[in-house]
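Visitor: I'd like to go over a predicted model; first the sequence, then the structure.
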Amino acid sequence: MGRFLEKEKTRQAEFKANSTYFTQAARSDGIYKDHPYPFCLPRHCAAENLFSEIRDSVRDYFAINEIKWHDGQDGNPSNHLCDSQVCCVNFLFPFADKPEALAELLRPIYPLIQEMLPIENEQYVACEWIGQQNYLGEKISRNRKRTRGANFTSADAAVMFRDYNDRIHIVLIEWKYTEAYFSTPLAIAKSGTDRTRIYVHLYEREDCLLIKERIPEFEALFYEPFYQLMRQQFLAHEMEKAHESGADDVSLLHIAPAHNIDFRRVTSPSLGSLGNSATEVWGKLVKDSGAFTSVSTEKLFGGFGSNQFPELASWRKYILARYPWVKSENETSPVNPT
């Protein structure tokens, strides 16, 4: 169990008990995996896990697009207050109909942004994006439908913009919150499926964007978070080659709290010599320096002021109340490329 997660459980339990953002009914302990916890909401109050101003619109969006809520029930999100998907939605979905604010948020990372472009149904933020095609060749169910948010490689979010060189850029976003990973090999699933066989054709291609000379063996990538990063980087690369939605460039943006030092652990035993954190290692495995960027949640959102966007004032107040660590910066550079 990660130390940051344990701190967040206490913080979120106190937030639920003392803030004005919850109804009285929501203050009771919630059942999660058959046990009651103060850092969980009662199931019938799970919608209160979402910022109130997006609560209806994001649930409608998930329902219309048949997106799976992680641990959700009855069209509602998880009742766990430390849920990463909920955290991602609370931070990013308020920007889905605010392209100017979204551009301002992302310009420290992508300074050439000219304008944000709608990526899905006039929205500027898409959730659980799996691409328009089955680029990775992942197994499809009998009904021939792919599911966003479950059973397929999904980016937590995606955005699209046009730059000043008139190039269209899609950014797949991998969002982390309280995650902590350990050296558990994932090449062979519990079902006995050899996962390496699913993705090896992408790894063996001549245009593979990974520097194979630095990877002792393909199985070295089958430890979290490298397993996720590999699949999402492959997805971005295949989307770019297909020019999905007219995109000239598709890259991966990794966002995680700097305060969560548990996440930095290099879990793959044979990759440990490449860097001191998972994202530093991954940055050294990707050929194109523009294909992968890592930034802390604190740097990205802590420095974003809502003064010029008064419509986001209540959102920022909520974010700073619920996730107060976002105000504290403990990195020295605005963007950490690796």
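Guide: Happy to help now that I have it.

Visitor: look up how far residue 258 lies from the closest residue to residue 102 other than its chain neighbours.
Guide: Spatial nearest neighbour of residue 102, excluding adjacent residues (Cβ to Cβ, 6 or more residues apart in numbering): residue 95 at 4.2 Å. Glycine gets a C-beta too; all of them are placed from N, C-alpha and C. Separation of residue 95 from residue 258 (Cβ to Cβ, to the nearest Å): 21 Å.

Visitor: those two - which one has more neighbours?
Guide: Between residue 95 and residue 258, counted using other Cβ atoms under 10 Å, residue 95 has the larger neighbour count: 25 against 20.

Visitor: isn't that one up against residue 104?
Guide: No: counting by Cβ atoms under 8 Å, residue 95 stays clear of residue 104, with 9.6 Å between them.

Visitor: just say helix, strand or coil for residue 71.
Guide: Secondary structure, DSSP: H, G, I helix; E, B strand; the rest coil: residue 71 is coil.

Visitor: enumerate every residue touching it.
Guide: Contact analysis of residue 71 by Cβ atoms under 8 Å, 6 or more residues apart in numbering lists 32, 78, 79, 80, 83.

Visitor: how about the strands in the stretch 51-200 of the chain?
Guide: 113-117, 126-129, 155-163, 168-175 (DSSP state E, counting those that start in this stretch).

Visitor: before we move on, what about the stretch 201-338 of the chain?
Guide: Here the stretch 201-338 of the chain has its strands, by DSSP E, counting those that start in this stretch, at 249-256, 292-296.

Visitor: just the CA trace of the last one, in CSV.
Guide: The C-alpha atoms that make up strand 292-296 are tabulated as CSV, following Å, rounded to 0.1, in the frame of the first residue of the first chain:
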residue,chain,number,x,y,z
PHE,A,292,6.3,11.4,-24.5
THR,A,293,6.1,14.2,-21.9
SER,A,294,5.7,13.9,-18.2
VAL,A,295,4.5,16.7,-15.9
SER,A,296,3.4,16.8,-12.3
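
Visitor: please renumber the chain so that the first residue is 59 from this point on.
Guide: Right, with 59 as the first residue, what we last looked at is strand 350-354.

Visitor: what packs against that strand?
Guide: strand 307-314, helix 336-343 (3 or more Cβ pairs under 8 Å, 6 or more residues apart in numbering; DSSP states H and E).

Visitor: next one: the first one
Guide: Secondary-structure packing of strand 307-314 (3+ Cβ pairs under 8 Å, 6+ apart): strand 226-233, helix 284-300, helix 336-343, strand 350-354, helix 355-360.

Visitor: got the angle for that strand vs strand 226-233?
Guide: Compare the direction of strand 307-314 with that of strand 226-233 by axes from the mean of the first three to the mean of the last three Cα atoms, to 10 degrees and you get 20 degrees.

Visitor: show me how far strand 307-314 is from its chain's centre.
Guide: 9 Å (Cα atoms, centre = their mean, to the nearest Å).

Visitor: so what strands line up beside it?
Guide: According to DSSP bridges, strand 307-314 forms sheet pairs with strand 226-233 (parallel), strand 350-354 (parallel).

Visitor: now those strands in CSV, with mean pLDDT and distance to residue 189?
Guide: Converted to CSV, the strands paired with strand 307-314 look like this (pLDDT from 0 to 100; distance: least, Cβ to Cβ, whole Å):
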stretch, mean pLDDT, distance to residue 189
strand 226-233, 98, 9
strand 350-354, 97, 17
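
Visitor: turn those strands into JSON lines, columns for mean neighbour count and distance to residue 332.
Guide: Output for the strands paired with strand 307-314, formatted as JSON lines (neighbours: other Cβ atoms under 10 Å; distance: least, Cβ to Cβ, whole Å):
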{"stretch": "strand 226-233", "mean neighbour count": "22", "distance to residue 332": "19"}
{"stretch": "strand 350-354", "mean neighbour count": "23", "distance to residue 332": "14"}
